[in-house]
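**Student:** Provided below are the primary sequence and the corresponding predicted coordinates.
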Amino acid sequence: MKKSRLGVIVCAIAILVMVLGCSPYEYQATSVERLRELIAEAEARNQPGNTLPPKYEQQNPTQPVEDRKSDYQATEYDRDYLGYVPSDYYGDLTEAEQRGLQTWYFWTGGNEKFFRDLAKQTRGEADFLSLLDARPDGDTVDKSRHYQRNERFKKIGVVNDPSCTAATKPDEYGLWLDKCDRDPNAAGIMGARKFPNPNFDPEKWDAVQYYAAAANQAQVEPPYRVGISCGVCHIAFNPLKPPQDPENPKWENIVSALGNQYLREGSLFGGTIPDEDFRKQVLNSQPPGTSDTSRIATDHIDNPNAINAIFNLADRPRYEEVMNDGTKQKVPHILKDGADSVGIPLASERVYINIGSCSDYWLTLHEPLLGTKPQKPFDIETARKECEYWPKTEARMANAEAFLTTLAPMNLEAAPGGKAYLTKDDSVLNQGKVAFADTCASCHSSKQPPAEIIADPEQAKQWYRESVLSSDFLEHNFLSDDKRYPITQIGTNAARALATNAKEGQVWAQFSSLTYKQLPSPGKLNLENPFDEDKPIEFDIPAGGTGYARTPSLISVWSSAPLLHNNELGEYTADPSVAGRMTAFNDAIEKLLWPEKRDRIIHRTERDTHLAMGELEADVPQGTPIKLLANLDPRETPRILQRKLNSELGGNILSSLVRFIPDEVLTPLLLKYNRVPDFIEDHGHEFGANLADDDKRALIEFLKTF
């Protein structure tokens, strides 16, 4: 989970929080019949002898750029039919829900412009087009390593689009992009979308120049822009129908919103960053299946977190909170810290902004790469007036929510061979239910007793037992109360809970409720000091929203290990089969209930590296805890610390720190100015640790049925 906001990387991966997107035309309703006609057209395009319909023929990227700009605006893909899925993939979805699926899978919010600009700004370090260009090893155009279609899952954890095939030769522009005849905007992996680049000039295009080293890399305008939808993060392999070959899935092997726990966000970019660059260590240390949702705009906290599964949304609790205009509204608590708290429509819109929509305005409010300038709040009314994408996204949100509300739990008993993992002993299962009622249900259930019963511990205990033992306990249960709890109570790594972007005066302040921004301080954290165990770190949590964690849902928890908010608890198997998922779950749940089995993970640099972050530079020796430097804010780092790190003495002291020899000058400074000096990743949430072993085993059996 160790990605820092350092340098270009910061920008490189904001990608993955994806939740939705946008585009430049009025949203128009179409009938089910018209949608089916469009699907039929897409399917027909893959039949021998068929050509693209006129609407796609007009998007001819070989036209001179002056002639093509107007065509690009006039012939863009239909607002409802954004991309191809087989007709039977829709199942029994209503017309509105089908539109919502199209939004979830294919809507980019116009962020293809943002990612093209990002590729130029980072000189190719963050370049989706290069990532998708599967040119073979030994290619003379670009000698750097490119991922082939048949190794993408293994190397970077993405899900290949089943409707595409590997390129067998370069296209007319010398690019080895997957062949996707059914969908001209498909880019080869789920969630990535390819569009004609309105700034492309065939006369100036040169693939060799595009991949040229140093300052020239990615500067010439390519024929395509690549954007992303929420699908890049959330579309995943179906645990009930796992693929025989993860590199070549079929549509039946893909589900909409389990959350891709195999995605290696840290590996998506940075292929051109040298190994001796500290940023590369930050990227390499990020666990699979996580995304740092506050990398852009950066809060200078290294806090990647697990990509959520989405189930039973209709049963998600809502709480009355005071909005920023003083009114009251019942809202769910979204994001790991519950900061998105002004309702689902605005929360969804914010995610689009966070992945590049309305970037011309958004990027004026913060410095995306190093975060050296103070943030300014994103103003919703300004965006409504000035950003053409805002109303287009807004128009699609109701259908997207309708689609997501259809997603139901995936039960282990329905998976191939799943029943073999479940107990047949009802007495064991009932014992596990009682353990869950006594230990877990007060947080991990949306079915809660009235306040007068909660006030009486004995009545509450009896109520929870009756609730969990009832035959319908799991029906319409979000398996979370969706409340915020102090991180001092939960005890897990505090990095995510201390994110600051939704606080007063910060970039997302208008997307958090007044109730959130007025939360009191949860108190003081007592953290282990990796440099001197006799001197624990005391950290005072500021008031104003930070320091809280929302209860995660446990629906289908068997399918999505490793566990905890940062995916740091348990073995990562890289195996989407039922056996692979159960191996990961069994290891994670044992470490959850038997904390003494945990690995006490501290991510450290694997080699000597160099850090350059604004005026802050340092030679970083092998073995340095990554968060020691990744959580520094260059705006708050004092000159004396910068001078010491930049000196030969600084390098020597850092080396001594790695050998656990505390230094009376540098160590206190590094810890004092660290925004979250919490280095151990897999600690906390020890609820249930005091249960008897047979109760723990029975509890595990019950959890498998979720």
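**Tutor:** All right, it came through fine. The structure displayed is predicted, hence computed values, not measured ones.
**Student:** can we go C-alpha only for contacts and neighbour counts from here?
**Tutor:** Fine.
**Student:** same for the helix or strand hosting residue 438, what does it pack against?
**Tutor:** In the assignment (DSSP states H and E), residue 438 maps to helix 426-439. Here helix 426-439 touches helix 457-469, helix 693-703, going by 3 or more C-alpha pairs under 8 Å, 6 or more residues apart in numbering; DSSP states H and E.
**Student:** Provide the contact partners of that helix at residue level.
**Tutor:** Contact with helix 426-439 is made by 423, 461, 464-465, 467-469, 687-688, 695-702, as judged by C-alpha atoms under 8 Å, 6 or more residues apart in numbering.
**Student:** repeat that for 6 Å
**Tutor:** The contact list for helix 426-439 (C-alpha atoms under 6 Å, 6 or more residues apart in numbering) reads 464-465, 468, 698-699, 702.
**Student:** Would you mind listing the buried residues in that helix?
**Tutor:** 428-439 (16 or more other C-alpha atoms under 10 Å).
**Student:** Could you do stretch 265-275 as well?
**Tutor:** In stretch 265-275, counting by 16+ other C-alpha under 10 Å, buried: 265-271, 273, 275.
**Student:** for those, which one is nearest residue 381?
**Tutor:** residue 265 (32.5 Å; C-alpha to C-alpha).
**Student:** and that closest one, how far is that from residue 166?
**Tutor:** 22 Å (C-alpha to C-alpha, to the nearest Å).
**Student:** Need the buried residues of stretch 265-275 in JSON lines (columns: pLDDT, distance to residue 343 and secondary structure).
**Tutor:** Output for the buried residues of stretch 265-275, formatted as JSON lines (pLDDT from 0 to 100; distance: C-alpha to C-alpha, whole Å; DSSP: H, G, I helix; E, B strand; the rest coil):
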{"residue": "265", "pLDDT": "91", "distance to residue 343": "28", "secondary structure": "helix"}
{"residue": "266", "pLDDT": "84", "distance to residue 343": "30", "secondary structure": "helix"}
{"residue": "267", "pLDDT": "82", "distance to residue 343": "33", "secondary structure": "helix"}
{"residue": "268", "pLDDT": "81", "distance to residue 343": "31", "secondary structure": "helix"}
{"residue": "269", "pLDDT": "72", "distance to residue 343": "33", "secondary structure": "coil"}
{"residue": "270", "pLDDT": "72", "distance to residue 343": "35", "secondary structure": "coil"}
{"residue": "271", "pLDDT": "72", "distance to residue 343": "38", "secondary structure": "coil"}
{"residue": "273", "pLDDT": "85", "distance to residue 343": "40", "secondary structure": "coil"}
{"residue": "275", "pLDDT": "90", "distance to residue 343": "43", "secondary structure": "coil"}
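**Student:** residues touching residue 82, list them.
**Tutor:** residue 106.
**Student:** please redo it, this time with the cut-off set to 8 Å
**Tutor:** Under the criterion of C-alpha under 8 Å, 6+ apart, the contact list for residue 82 reads 102-103, 106-107.
**Student:** Can you flag which of the residues you listed belong to helices?
**Tutor:** Counting by DSSP state H, these place 102-103, 106 in helices.
**Student:** Give me the pLDDT value at residue 192.
**Tutor:** Residue 192 carries a pLDDT value of 97.
**Student:** count of residues packed around it?
**Tutor:** By other C-alpha atoms under 10 Å, 26 other residues sit near residue 192.
**Student:** right, and it touches residue 229 too?
**Tutor:** Yes. Contact criterion C-alpha atoms under 8 Å: residue 192 and residue 229 qualify, at 6.5 Å.
**Student:** anything in contact with each of those two?
**Tutor:** residue 106.
**Student:** Next, format the buried residues of helix 426-439 as TSV and append distance to residue 498 and pLDDT.
**Tutor:** Shown next, in TSV, are the buried residues of helix 426-439 (distance: C-alpha to C-alpha, whole Å; pLDDT from 0 to 100):
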residue	distance to residue 498	pLDDT
428	40	98
429	38	98
430	38	98
431	37	98
432	34	98
433	34	98
434	34	98
435	31	98
436	29	98
437	30	98
438	29	98
439	26	98
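**Student:** mind listing the strands for this structure?
**Tutor:** 192-196, 224-228, 236-237, 254-255, 290-291, 305-306, 319-322, 328-331, 484-486, 524-527, 537-540, 548-550, 609-613, 616-620 (DSSP state E).
**Student:** out of the ones you listed, deepest packed?
**Tutor:** Using mean count of other C-alpha atoms under 10 Å, the stretch among the strands of the chain with the greatest mean number of neighbours is strand 290-291 (a mean of 28).
**Student:** That one pairs with which strands?
**Tutor:** Sheet partners assigned to strand 290-291 using DSSP bridges are listed as strand 305-306 (antiparallel).
**Student:** Can you give the contact residues for the strand it pairs with?
**Tutor:** Contact with strand 305-306 is made by 1, 261, 289-293, 336, 496, 564-567, as judged by C-alpha under 8 Å, 6+ apart.
**Student:** State the mean pLDDT of that strand.
**Tutor:** Average pLDDT, strand 305-306: 95.
**Student:** Repeat that for stretch 225-240.
**Tutor:** Stretch 225-240 comes out at a mean pLDDT of 96.
**Student:** tell me which of the contacts of strand 305-306 is nearest to residue 129?
**Tutor:** Nearest to residue 129 among those, with distances taken as C-alpha to C-alpha, is residue 291, at 20.3 Å.
**Student:** I'd assumed residue 267 was in contact with that closest one.
**Tutor:** No. Using C-alpha under 8 Å, residue 291 is not in contact with residue 267; the gap is 11.6 Å.
**Student:** if we can go back for a sec, in CSV, list the C-alpha atoms belonging to the helix holding residue 438.
**Tutor:** Extracted in CSV, the C-alpha atoms of helix 426-439 (Å, rounded to 0.1, in the frame of the first residue of the first chain):
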residue,chain,number,x,y,z
ASP,A,426,-26.1,-27.0,12.1
SER,A,427,-24.9,-26.9,15.6
VAL,A,428,-21.6,-25.4,14.5
LEU,A,429,-23.3,-22.9,12.3
ASN,A,430,-25.6,-21.8,15.2
GLN,A,431,-22.6,-21.5,17.5
GLY,A,432,-21.0,-19.2,14.9
LYS,A,433,-24.2,-17.2,14.6
VAL,A,434,-24.1,-16.6,18.4
ALA,A,435,-20.5,-15.6,18.2
PHE,A,436,-21.3,-13.1,15.5
ALA,A,437,-24.3,-11.7,17.4
ASP,A,438,-22.2,-11.2,20.5
THR,A,439,-19.1,-9.9,18.8
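**Student:** quick check: angle from that helix to helix 693-703?
**Tutor:** With axes from the mean of the first three to the mean of the last three C-alpha atoms, to 10 degrees as the basis, helix 426-439 and helix 693-703 are set at 90 degrees to each other.
**Student:** I'd like the distance between the nearest residue to residue 697 once chain neighbours are set aside and residue 527.
**Tutor:** Nearest residue to residue 697 in three dimensions, chain neighbours excluded: residue 432, at 7.6 Å (C-alpha to C-alpha, 6 or more residues apart in numbering). Distance of residue 432 to residue 527, computed by C-alpha to C-alpha: 33 Å.
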